[in-house]
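Student: turn this into a structure:
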Amino acid sequence: MPEFISSPTGTDNGTRAQNCPLLSPESVAATFLSHGSADLHPMLKSLRDEAPVFYSEDLHMWIVSRYDDVSWVLKNAELFPASTRSIIMSSYPPEVRDVLRSTSTFTAPNMGFDGSPTHDRLRKPVVPYFSAKGVKRLEARIEEIADLRAGEIPAEPPVDLVEAYARPLANTVVIRLAGLPVDDYDRIMRYHRAVNEFFFGRPPAHLQLPYAKDIQEWEEYLSDVIGMRRRLPQDDLISLLTQKVAKGEADYTDEELISLISFDVITAGFRPTSFALINLCGELLEEPHRWQALRDEPDRFDGVFSETLRRSGPALGVFRMTAAEVEVGGVPVPAGSVLWVMAASANRDERHFPEPDSFDPHRPHLAGSLHFSQGLHYCLGANLARTVIRAGITALMRHRPDLRLVPDQPRVYEPSINVVAPARLLVEW
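Tutor: Numbering: from 1, shown residues only. The predicted structure is shown next:
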């Protein structure tokens, strides 16, 4: 057996970063922690050129930045599992860990964190619902919600498009399709905030225990909804899954159903969809001719959507672990290491996308963009996200055809380390 399992590309040594001032440990960590930093993409380019596989002492993880290496990691789920919940829990005090360990969200088998065969068992029953054909059946409902939300945008500008449109649209679609009561919107958002803070942020010390208890309460709430849908099924995802379980067509425990709805549907569905919608609006409105071109030719949506996600995807990347000692891009990485696999960098890799900083919805190889990941953990909701965002931008253009950015507005970004999306986008008309 070879000492290392090697990826097919690259021989650069990650230690080259030591000789590159732009890539000092301090500068790398500071740039990642400065949300929306103008230095982000120049630094990622320097990483690709100088240290494509780089260990950050400050971040305590390996950063993988070239397309070929990122793609290889994503496609090899056995070597690079996504099981990072234990790492998240380990960073909190014992009393917080004890509460989190009592929750299904943090302990039950889950397709977002587990590999095969568990992942396959959990994913197979929901694939038809999220397939292109399945989402097509939901399209009219999604368009109705988008039209309703666009009609509720305040009449007088300026308006924050994030708060007034993108978030409520994405949240309402996911809540309704999941089968949660829409009247419980505010309650669901309180629970979601707690789950999201643990997975994609870090709650302040004084909120960690209350948030952990909110997750317990959230799961009690989900258990009640699941029981209700078993008794009175409707046309929604929870009803579909409980019926499949009853017929022997799906093998879920109640804890696995709760984990699936809590993380894979709600947490993974709310924010990424709203982030992608607001980034698309930003790309179109930053250059008004793009907005007008899509209004004139709505059939161009798919290319515009894919190019926006390639160029301005809302996530920097995903986190993976190493199941064994392995070489990535020619650099030895120890077993048990955490990798931050930078899809945002891979999608601007000049070796795969010529002139990557330009916006070109007609560019070749867009299907190879990594914004929805690859391999085992390819985004289950990719078809749904595309449909929601198409409906969202169509309704917005119909209700506010002359939308434009408020000039000279300060850029405010989401505080999560792994998110690059405006927390506010002021528009007028």
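Student: any stretches of the chain with poor pLDDT?
Tutor: Scanning the chain for pLDDT under 70 picks out 1-26, 33, 35.
Student: give me the element the residue nearest the centre of it is part of.
Tutor: Geometric centre of the chain, nearest residue: residue 272, 4.5 Å, by Cα atoms, centre = their mean. In this structure, residue 272 is located in helix 268-286 according to DSSP states H and E.
Student: now the residue nearest to the centre of the chain. Nearest residue, chain neighbours left out?
Tutor: residue 314 (6.1 Å; Cβ to Cβ, 6 or more residues apart in numbering). In this view, the C-beta of every residue, glycine as well, is placed from N, C-alpha and C.
Student: my guess is the one you found meets residue 418, correct?
Tutor: No - counting by Cβ atoms under 8 Å, residue 418 is not a contact partner of residue 314; they are 9.2 Å apart.
Student: contacting residues around the nearest residue to residue 70 once chain neighbours are set aside?
Tutor: Ranked by Cβ to Cβ, 6+ apart and with sequence neighbours excluded, the top spatial neighbour of residue 70 is residue 346, at 3.9 Å. Applying Cβ atoms under 8 Å, 6 or more residues apart in numbering to residue 346 gives the contacts 65-67, 70-71, 352, 370.
Student: kindly report the same for residue 264.
Tutor: Contacts for residue 264 (Cβ under 8 Å, 6+ apart) come out as 110-112, 380.
Student: if any of these are buried, give me the PyMOL selection for them.
Tutor: A single PyMOL command suffices to select whichever of the contacts of residue 264 are buried according to 16 or more other Cβ atoms under 10 Å:
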select buried, resi 110+111+112+380
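Student: would TSV of the contacts of residue 264 with secondary structure and distance to residue 325 be doable?
Tutor: As requested, the contacts of residue 264 are exported to TSV (DSSP: H, G, I helix; E, B strand; the rest coil; distance: Cβ to Cβ, whole Å):
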residue	secondary structure	distance to residue 325
110	coil	26
111	coil	27
112	coil	25
380	coil	31
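Student: and of the contacts of residue 264, the nearest to residue 412?
Tutor: Nearest to residue 412 among the contacts of residue 264: residue 112, at 28.5 Å, using Cβ to Cβ.
Student: thought residue 265 was touching that closest one, still the case?
Tutor: No - in this structure, residue 112 is not within contact of residue 265 by Cβ under 8 Å, at 10.2 Å.
Student: residue 207 sits in which helix or strand?
Tutor: Going by DSSP H and E, residue 207 is in helix 205-231.
Student: can you pull the buried residues of that helix?
Tutor: Buried, per 16+ other Cβ under 10 Å, within helix 205-231: 208-209, 211-212, 214-216, 218-219, 221-222, 225-226, 228-229.
Student: repeat for stretch 182-193
Tutor: For stretch 182-193, burial by neighbour count (16+ other Cβ under 10 Å) applies to 188-189, 191-192.
Student: give me the phi and psi angles of the closest residue to residue 317 other than its chain neighbours.
Tutor: Closest residue to residue 317 apart from its sequence neighbours, by Cβ to Cβ, 6+ apart: residue 342 at 4.2 Å. Backbone geometry at residue 342, expressed as degrees, to the nearest 10, gives phi -90, psi 90.
Student: so where do the strands sit in the protein?
Tutor: Secondary structure of the chain (DSSP state E): strands located at 53-56, 61-64, 159-160, 318-321, 326-328, 331-333, 338-341, 404-405, 412-413, 422-424, 426-428.
Student: which other helices and strands does the fourth one contact?
Tutor: Read it as strand 318-321. Counting by 3 or more Cβ pairs under 8 Å, 6 or more residues apart in numbering; DSSP states H and E, the packing neighbours recorded for strand 318-321 are helix 67-75, strand 338-341.
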